[in-house]
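Chemist: Quick one: sequence and predicted model below, then my questions.
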Number of protein chains: 2
Amino acid sequence: MNEETRRRVLEAATRLGYVANQSGRSLRKGSTGVIGFMMQTGPEITGQGDTFFMSVFDGVQTVLARHKLDLVALLCSSDQDPDAYLQRVVARGFADAVILSATRLHDARFELLARHNIPFITLGRSQTDVGQPWIDLDFEGMAEVAIERLVKSGHRHIGLIWPNGDLNLGHLFVHRSQEVLARHNLSLSPEHIFRATPSETGGYGVARQIMDCETRPTAVVLVNETLVTGLYRGLEEVGLMPGKDIAIIGRQSPQAQFLKPSLTCFSLSLRDLGISLAEGLLSVMPEYKLHYPDAVKRLVWPMDLIEGESS
Amino acid sequence: MNEETRRRVLEAATRLGYVANQSGRSLRKGSTGVIGFMMQTGPEITGQGDTFFMSVFDGVQTVLARHKLDLVALLCSSDQDPDAYLQRVVARGFADAVILSATRLHDARFELLARHNIPFITLGRSQTDVGQPWIDLDFEGMAEVAIERLVKSGHRHIGLIWPNGDLNLGHLFVHRSQEVLARHNLSLSPEHIFRATPSETGGYGVARQIMDCETRPTAVVLVNETLVTGLYRGLEEVGLMPGKDIAIIGRQSPQAQFLKPSLTCFSLSLRDLGISLAEGLLSVMPEYKLHYPDAVKRLVWPMDLIEGESS
């Protein structure tokens, strides 16, 4: 076919509404050029980790851009079954590979993707393990450092705010806290495990829960970064000043350093986390693995303690 | 073009690798079952509107679930050209219809989608108009109410924080503010238009800019919801108490009501906004339009002023 014919054919095809499209070509190569990042949304969860994910996406996209891959967020509403949701994603076949977040204690999504031979990496571990790469934040290390620090400062009644739902990280965080306390012959009182929706309103409510305790905790550790402004306001209303009347250790958020008093918190580079997630994923994709011989396969990602005024 | 020609064109296009592929067809049959929501990401933008979008997504998903449609977020990094990005989305053809955000003063994306006959709705207006439905927040109404209120309270030197980049909303907001001021024989001094990245660090920096003004503003209005904690901290460090030494009016965020002093802010139901966006979109999709005869086609979405302690 000569150039002129080629040009006319494509013009005619365009008039017929046939997008001269990229995916036509790539479908036959077995690739769509799209990487999916599955995350939870919904009223219970909104506010939790939004800034977190946007920053992680930024790192992921930096890597994907090298290979002209696009990132889409697969938004699974909290009232949908994540397993069924992912099944539809697989059936539609619009992503070459997937990053999973919000891993549960047992997580059927891992097996689904393995069965369909779809490359994936998980942000978070699970008791389910199909040999896929994962990166998880070091919630156990966070519990270790935070509790040790508080015990050394003389705290004997330490509270925790349980993170949302059945996420694996909640189990890791609470179990390790109990271990550290036991090492010092202390224990975690059931009334000191505070349940709250991961929102500022939830944080505000925790202040009341603290006041209602039979024995009031003198320190509280929180994994969620999204409830600390509410917690601060609530504590102020009941007359407790963070860092003076009660120690608070939390997670970094855009607000943390600008709160008054500033928050003692655990921090990590979310962009670097995104970069490692993307490289870890590409390292198990046949087309890209040669570029990433040294990508991490499994990593507990350390977090740094930033001293603030709240503890 | 007759049937025979049509057939031959498509055959030839196929030989050229331009497969008239499944996804190409499904764009017009509406059978990918996926709706795309295009949004900006990137280090400059991260922190801006994350919670905003998550809440809007929640409303959109509520509607899409009725029709077993899934929502994906099309994440366009701020260092990518949004027009080229959307071209790839169209070429890949993995969405039946699209919701566009971050509309620019002139926006080529509108024409691209119209040319390909892909149903879409925009969150935000533009001087570009191809007759598509849109919903826009009432930034002009916000400017009107905020400036009127401040002038009535005796303020003569009112500052604004210009929202990010070339977004259409920035132009609307600043122009209307100037109009309202002119009505009272006041003007917006160039040194009172503060530029800041839409982040807490940006907000913190604005406090210094305020102190450096030749004539210090006695009130500041901000459209971005993501810099107020930083602004508060910065103001405190320079000895200005919101609501006492300087009036602040902003946008609602998860933190706004828990700040001390609480923020006077403009509020709307983001979930309802998401519901209307989805219904507006479905009302221009051939398969669904009969279900939504009364969906809004074009709407300036009102915001309510919530009285706080900061003004």
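Modeler: Happy to help now that I have it. All figures in this text were calculated on a predicted structure; none of them were measured in a lab.

Chemist: need the residues of the stretch 151-300 of chain A near chain B, please.
Modeler: Within the stretch 151-300 of chain A, the positions near chain B by Cβ under 8 Å from any Cβ of the partner chain are A:199-200, A:203-204, A:226, A:229-230, A:232-234, A:236, A:254-255, A:257-260, A:271. Any C-beta I mention is one placed from the backbone N, CA and C, and that applies to glycine too.

Chemist: Which ones among those map onto strands?
Modeler: Among these, no member is found in strands (DSSP state E).

Chemist: Would you list the buried entries among these?
Modeler: Buried members of these, scored by 16 or more other Cβ atoms under 10 Å in any protein chain shown, are A:199-200, A:203-204, A:226, A:229-230, A:232-234, A:254-255, A:257-260, A:271.

Chemist: and A:Pro163, what does it touch?
Modeler: By Cβ atoms under 8 Å, 6 or more residues apart in numbering or on different chains, the residues touching A:Pro163 are A:Leu169, A:Gly170, A:Phe173, A:Pro198, A:Val223, A:Asn224.

Chemist: what sits against the fifth one?
Modeler: Yep, that's A:Val223 we're talking about. A:Val223 neighbours (Cβ under 8 Å, 6+ apart): A:Phe139, A:Met142, A:Ile161, A:Pro163, A:Leu169, A:Gly170, A:Phe173, A:Gly250, A:Arg251.

Chemist: go with 6 Å
Modeler: A:Pro163, A:Phe173 (Cβ atoms under 6 Å, 6 or more residues apart in numbering or on different chains).

Chemist: ok, it to chain B distance?
Modeler: Distance of A:Val223 to chain B, computed by Cβ to the nearest Cβ, to the nearest Å: 17 Å.

Chemist: sorry, back to before: among the contacts of A:Pro163, give me the pair with the biggest separation.
Modeler: A:Phe173 and A:Pro198 (13.3 Å; Cβ to Cβ).

Chemist: ok so, going back, name the member of the contacts of A:Pro163 with the most neighbours.
Modeler: For the contacts of A:Pro163, neighbours were counted by other Cβ atoms under 10 Å in any protein chain shown; the highest total belongs to A:Val223, with 25 neighbours.

Chemist: can I get the contacts of A:Pro163 in CSV with pLDDT, distance to A:Glu279 and secondary structure?
Modeler: Below are those laid out as CSV (pLDDT from 0 to 100; distance: Cβ to Cβ, whole Å; DSSP: H, G, I helix; E, B strand; the rest coil):
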residue, pLDDT, distance to A:Glu279, secondary structure
A:Leu169, 82, 22, helix
A:Gly170, 84, 28, helix
A:Phe173, 92, 27, helix
A:Pro198, 80, 29, coil
A:Val223, 88, 26, coil
A:Asn224, 83, 28, coil
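
Chemist: ok, so of those, who is nearest B:Arg125?
Modeler: Comparing those against B:Arg125 with Cβ to Cβ places A:Pro198 closest, at 34.0 Å.

Chemist: I'd say the closest one and A:Asn224 touch.
Modeler: Yes - between A:Pro198 and A:Asn224 a contact is recorded at 4.5 Å, counting by Cβ atoms under 6 Å.

Chemist: Give me the neighbour count for A:Ile35.
Modeler: A:Ile35 is flanked by 25 other residues according to other Cβ under 10 Å.

Chemist: Please apply the same query to A:Glu179.
Modeler: 14.

Chemist: what's the pLDDT at it?
Modeler: Listed pLDDT for A:Glu179 reads 97.

Chemist: where does the stretch 201-311 of chain A dip in pLDDT?
Modeler: Along the stretch 201-311 of chain A, the model assigns pLDDT under 70 to no residue.

Chemist: And the helices in it, which stretches?
Modeler: Taking DSSP state H, counting those that start in this stretch as the test, the helices found in the stretch 201-311 of chain A are A:228-237, A:270-282.

Chemist: excluding its backbone neighbours, what's nearest A:Ile161?
Modeler: Once flanking residues are discounted, A:Ile161 sits nearest to A:Leu222: 4.1 Å by Cβ to Cβ, 6 or more residues apart in numbering or on different chains.

Chemist: May I ask you to confirm that that neighbour is in contact with A:Arg251?
Modeler: No - with contacts counted by Cβ under 6 Å, A:Leu222 stays clear of A:Arg251, the gap being 7.1 Å.

Chemist: Looking at the two, which has the bigger crowd around it?
Modeler: Remark: of A:Leu222 and A:Arg251, A:Leu222 carries more neighbours, 27 against 24, as counted by other Cβ under 10 Å.

Chemist: Using PDB, write out every CA atom in stretch A:251-269.
Modeler: This file holds the C-alpha atoms of stretch A:251-269, laid out as PDB (Å, rounded to 0.1, in the frame of the first residue of the first chain):
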ATOM      1  CA  ARG A 251       1.700   9.800  61.300                       C
ATOM      2  CA  GLN A 252       2.900  12.600  59.100                       C
ATOM      3  CA  SER A 253       0.300  14.400  57.100                       C
ATOM      4  CA  PRO A 254       0.300  17.800  55.300                       C
ATOM      5  CA  GLN A 255      -1.100  19.300  58.500                       C
ATOM      6  CA  ALA A 256       1.100  17.600  61.100                       C
ATOM      7  CA  GLN A 257       4.000  20.100  61.200                       C
ATOM      8  CA  PHE A 258       1.700  23.100  61.100                       C
ATOM      9  CA  LEU A 259      -0.500  22.000  64.000                       C
ATOM     10  CA  LYS A 260       0.000  23.800  67.300                       C
ATOM     11  CA  PRO A 261       1.700  22.100  69.100                       C
ATOM     12  CA  SER A 262       3.300  20.300  66.200                       C
ATOM     13  CA  LEU A 263       2.800  16.600  66.000                       C
ATOM     14  CA  THR A 264       5.500  14.100  66.800                       C
ATOM     15  CA  CYS A 265       5.000  11.700  63.900                       C
ATOM     16  CA  PHE A 266       6.300   9.000  61.700                       C
ATOM     17  CA  SER A 267       7.300  10.000  58.200                       C
ATOM     18  CA  LEU A 268       8.300   8.500  54.900                       C
ATOM     19  CA  SER A 269       8.800   9.700  51.400                       C
END
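
Chemist: What's the local residue count around A:Ile99?
Modeler: 26.

Chemist: how far away is it from chain B?
Modeler: 12 Å.

Chemist: go on, A:Gln252?
Modeler: Distance from A:Gln252 to chain B, by Cβ to the nearest Cβ: 11 Å.

Chemist: next one: A:Val72
Modeler: From A:Val72 across to chain B, the span is 5 Å (Cβ to the nearest Cβ).

Chemist: ditto for A:Val63
Modeler: Using Cβ to the nearest Cβ, one obtains 11 Å as the distance from A:Val63 to chain B.

Chemist: Likewise for A:Arg109?
Modeler: Counting by Cβ to the nearest Cβ, the gap from A:Arg109 to chain B is 15 Å.
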